[in-house]
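A.B. asks: Sequence first, then the predicted structure, then my questions.
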Amino acid sequence: MFIFTLILALVCMAPVLYAGQKVALDLVADGLTSPLSYTALADGRALIVDQPGFLRLLEKPGQLRESPVLSLVHRLSPLNHGGFDERGMLCLALHPDFKKNRRLFVAYTAPRRESAPTNWDCTLRVSEFLLPANEPLTIDPASEIVRIEVDKPYANHNGGRIAFGPDGYLYVGVGDGGNGNDDGKRPESGNGQNLRTLLGKILRIDVSPRTGHGIPKSNPFANGVNALPEIWAYGIRNPWGLSFDRGGAHALYSTDVGQTLWEEVNRIERGANYGWRLREGAIGFNPKMPGTPLAQTPSVGPSGEPLVGPIAVYKNRNGFKKDPEAYGISVTGGYIYRGKAFPGWVGDYVYGDWGRVWGVPGGTLLLARHSVNPKVQWPVEAIEVVAPAKLAAYVIGFGQDNEGEIYVMTNGNIGLTPGKGRVWKLVPSVIAQASTQ
Ligand SMILES: [Ca+2]
């Protein structure tokens, strides 16, 4: 396997094209397994979701509290610790009134529900917990209130990124159910375009009821006629990234992991169809021949509605092996930059790609430069990491602090190996070099 991987690496390693942006990475947390989300508290501490089922408290840079704030190890679906796995504890979001009500929300994969077909894999679950204010911060798992559950046919493409909007509603990204090409284990495969399933969608729910969830009246299919009322947007493959812009128009941005040829960033609008699996990126997709785009790009969905294209795309290395602008094989979503450390990035989308070659830890940081003209796609460029000398890890998530500065989460191993997970803060390369002298 190692030899095979090595050969793959040598064959595929065309140099990445760097347009000039450089960063240094300050290590702020070490000793994790697979950190997937970073959420700042008002006092400057941060809550980090570690995929095997732990919510950890970062007291300050370099100081991770040993005992977890919350353990969901015994509520997760079984995980494949030795190999690659997209299941586990996935994301955290604080209620908009968290400072007063201490309510927080966690997305994770739970065991398959009794009501799901026996050959399905697991359940994507979003639950609420209460974080009492007294120290040491600890969550009683018994405070769990299940808000929404989505049955999953396969182990991959869970989505599971969640975020509260400025409207106070909770947005939940749900993948197409997995395997590949949106085959979905359903007679009518193609979950992304099927409004009768929550798979392959961005959902919007009201978490003010005592249990479960309510449907905001302004949801596009709120009446539930011919579509499930939780749906906010559709035509999605695997939304591994979901964040609201903390400035500007507070728009919602999501990345969608591609199948073979294109990785994409979407600005998510009410009721819009983002194309999967009629399209991948901005081209027509043929599920029977994923490497060969359709001769004609579809422009409308099943009801004649227009398909909404991504705001930014880049090539997937599986389909464009020697292209220096094929930055990797799976997009990892981040944030619109509103911080101070990188004045030239304000309004741009900072994100990354998981890795350039399957099995070789080596992700890439990316910047999509905002385009003022809505008809012009945002140009994408790779950000060069100058310290450490190389990013020898998979890029698995991004976070943001109270000042709008960006954090990247990495896993040095393809599997869930304790000690391989790290959290880094993006800092200007000149400052990092000066501070080490
Ligand atoms: Ca799309």
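C.D. replies: Yes, it's here.
A.B. asks: Quick check: pLDDT value at the closest residue to L17 other than its chain neighbours.
C.D. replies: The spatially closest residue to L17, leaving aside those adjacent along the chain, is P324, at 4.0 Å (Cβ to Cβ, 6 or more residues apart in numbering). Quick note: C-beta positions are derived from backbone N, CA and C, even for glycine. Turning to P324, the model gives it a pLDDT of 93.
A.B. asks: Could you report the neighbour count for P324?
C.D. replies: When counting by other Cβ atoms under 10 Å, one arrives at 13 neighbours for P324.
A.B. asks: Repeat that for K390.
C.D. replies: Other residues near K390 come to 10 when the count uses other Cβ under 10 Å.
A.B. asks: Which strand or helix spans it?
C.D. replies: Counting by DSSP states H and E, K390 is held by no secondary-structure element, helix or strand.
A.B. asks: now N318
C.D. replies: For N318, there is no enclosing helix or strand under DSSP H and E.
A.B. asks: so it touches T260, yeah?
C.D. replies: Yes - using Cβ atoms under 8 Å, N318 is in contact with T260, at 5.5 Å.
A.B. asks: who in the stretch 201-350 of the chain is up against the ion?
C.D. replies: With Cβ under 5 Å from the ion as the criterion, the stretch 201-350 of the chain meets the ion at residues 274-275.
A.B. asks: In the stretch 201-350 of the chain, where is pLDDT below threshold?
C.D. replies: Low-confidence segments of the stretch 201-350 of the chain, defined by pLDDT under 70, are absent; every residue clears the threshold.
A.B. asks: which strand in the chain runs the most residues?
C.D. replies: Ranked by residue count and defined by DSSP state E, the top strand of the chain is strand 18-32.
A.B. asks: in its sheet, what does that one sit against?
C.D. replies: Here the strand partners of strand 18-32, with direction, are listed using DSSP bridges: strand 380-387 (parallel), strand 421-428 (antiparallel).
A.B. asks: Which of the three states applies to the residue nearest to L17?
C.D. replies: At P324, secondary structure determined by DSSP: H, G, I helix; E, B strand; the rest coil is coil.
A.B. asks: For the longest strand of the chain, list every residue counted as buried.
C.D. replies: 21, 23-26, 28-29, 32 (16 or more other Cβ atoms under 10 Å).
A.B. asks: what do you get for stretch 34-45?
C.D. replies: Within stretch 34-45, the residues scored as buried using 16+ other Cβ under 10 Å are 34-41.
A.B. asks: Contacts for that stretch, please.
C.D. replies: Where contact means Cβ atoms under 8 Å, 6 or more residues apart in numbering, the residues beyond stretch 34-45 that reach it are 29, 46-52, 57-60, 88-94, 99, 396-402, 407, 409, 411, 416, 420-423.
A.B. asks: ok, now with 7 Å
C.D. replies: 29, 46-51, 57-59, 90-92, 94, 99, 396-397, 399, 401-402, 407, 409, 411, 416, 421, 423 (Cβ atoms under 7 Å, 6 or more residues apart in numbering).
A.B. asks: Then stretch 155-162?
C.D. replies: 85-87, 90-91, 93, 105, 107, 109, 121-122, 124, 126, 152, 170-178, 237-242, 333.
A.B. asks: Mind doing that once more with 8 Å?
C.D. replies: Contacts of stretch 155-162 with the rest of the structure, by Cβ under 8 Å, 6+ apart, involve 80, 85-87, 90-93, 105, 107-109, 121-122, 124, 126, 152, 170-179, 236-243, 254, 257, 333.
A.B. asks: Tell me the buried residues in that stretch?
C.D. replies: Of the residues in stretch 155-162, those with enough neighbours to count as buried (16+ other Cβ under 10 Å) are 155-162.
A.B. asks: got JSON lines for those, with distance to the ion and pLDDT too?
C.D. replies: Formatted as JSON lines, the entries for these read as follows, by distance: Cβ to the ion, whole Å; pLDDT from 0 to 100:
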{"residue": "A155", "distance to the ion": "23", "pLDDT": "96"}
{"residue": "N156", "distance to the ion": "18", "pLDDT": "95"}
{"residue": "H157", "distance to the ion": "14", "pLDDT": "96"}
{"residue": "N158", "distance to the ion": "18", "pLDDT": "96"}
{"residue": "G159", "distance to the ion": "14", "pLDDT": "97"}
{"residue": "G160", "distance to the ion": "18", "pLDDT": "97"}
{"residue": "R161", "distance to the ion": "16", "pLDDT": "98"}
{"residue": "I162", "distance to the ion": "20", "pLDDT": "98"}
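A.B. asks: Reformat those as CSV; add distance to L307 and secondary structure.
C.D. replies: As requested, the buried residues of stretch 155-162 are arranged in CSV below (distance: Cβ to Cβ, whole Å; DSSP: H, G, I helix; E, B strand; the rest coil):
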residue, distance to L307, secondary structure
A155, 28, coil
N156, 24, coil
H157, 20, coil
N158, 24, coil
G159, 20, strand
G160, 25, strand
R161, 22, strand
I162, 25, strand
